[in-house]
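**Q** What shape does this take:
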Amino acid sequence: MLQQVQCLIPDGATVIVLGDGEFDGVNWLDQIETWGWWYVCRTAQNAILHEDGHRFSFADWGAEAGACHSLVGGAFTDACYSPVTAIAWRREDCQEPLYLVTNMELVPEACHYYQQRFTIETFFSDQKSRGFHLHKSPLSDPQRLARLLIAACLAYICMIYLGVQAQPDAVRRLIHRTHRCDLSLFQLGLALLEHCLNHDEPIQVAFSVPPPRLY
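**A** Below you'll find the model as predicted:
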């Protein structure tokens, strides 16, 4: 996957890879480093660190609210992958700390970028447990799975569009309460689609794919 993405990146572009806990393997981090990219990846509290001959884990730092412990230039895991910056960070509004490993030396910068990862979480949940349930697909062939994802992403755009159409009170009262809305645009779009299908009403469509450009 990394190699396929790397081929699409323009020369001289700044790349910052933000990864969840599944993306803290040292081989993965080393490949990112080879291409001159930055990374900030989440890791586990029992992940091992090394500094000046001392071996310890992120959990040894503690996790009090508002704290941010860091180690710059340490070694990560018993493979002693280095140099890395290790961060144990618990915001005041969070119940659990974040354990991060990065090749950035500035801790506030790494924390700032990692927070941007959460903006895509709603898309993942809409594609899976809260929406299309793609995680239940039995497909294993990469090409078939790619075609399914293309269709799901196009459908996602349709649902977002319908969600925008459902925002006016006159429309939203048909599918949801008007005094308070706790549904995402995706969920509103699904509800409006279900309403239109159940009541045999037309489904508004106002976008199209432009024809291919001829050179």
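**Q** which stretches of the chain aren't confidently modelled?
**A** Across the chain, the ranges flagged by pLDDT under 70 are 207-209, 214-215.
**Q** and it, what are its domains?
**A** The record's domain parsing of the chain by automatic domain parsing lists 2-120, 128-198.
**Q** so how many other residues sit close to I87?
**A** Neighbours of I87 under the rule other Cβ atoms under 10 Å: 27. Just so you know, the C-beta spots here come from the backbone N, C-alpha and C atoms, and that holds for glycine as well.
**Q** Name the helix or strand for the closest residue to it other than its chain neighbours, please.
**A** Once flanking residues are discounted, I87 sits nearest to L100: 4.2 Å by Cβ to Cβ, 6 or more residues apart in numbering. For L100, the host element (DSSP states H and E) is strand 98-102.
**Q** Likewise for E109?
**A** helix 107-115.
**Q** between that helix and strand 98-102, how many degrees?
**A** 110 degrees (axes from the mean of the first three to the mean of the last three Cα atoms, to 10 degrees).
**Q** buried set for helix 107-115?
**A** Across helix 107-115, burial judged by 16 or more other Cβ atoms under 10 Å covers 107, 110-111, 113-114.
**Q** SS state for the residue lying closest to L139 once chain neighbours are set aside?
**A** Residue nearest to L139 in three dimensions, not counting chain neighbours: L145, with 4.8 Å by Cβ to Cβ, 6+ apart. State at L145, reduced to three classes by DSSP: H, G, I helix; E, B strand; the rest coil: helix.
**Q** Please tell me I have it right and L145 contacts P138.
**A** No: in this structure L145 lies outside contact range of P138 using Cβ atoms under 8 Å: 10.2 Å.
**Q** out of the two, which sits in the busier spot?
**A** Neighbours per residue (other Cβ under 10 Å) separate L145 from P138, with L145 holding more: 13 against 4.
**Q** ok, back up a step: save the buried residues of helix 107-115 as JSON lines, and put in distance to L193 too.
**A** Formatted as JSON lines, the buried residues of helix 107-115 follow (distance: Cβ to Cβ, whole Å):
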{"residue": "V107", "distance to L193": "45"}
{"residue": "A110", "distance to L193": "41"}
{"residue": "C111", "distance to L193": "39"}
{"residue": "Y113", "distance to L193": "36"}
{"residue": "Y114", "distance to L193": "35"}
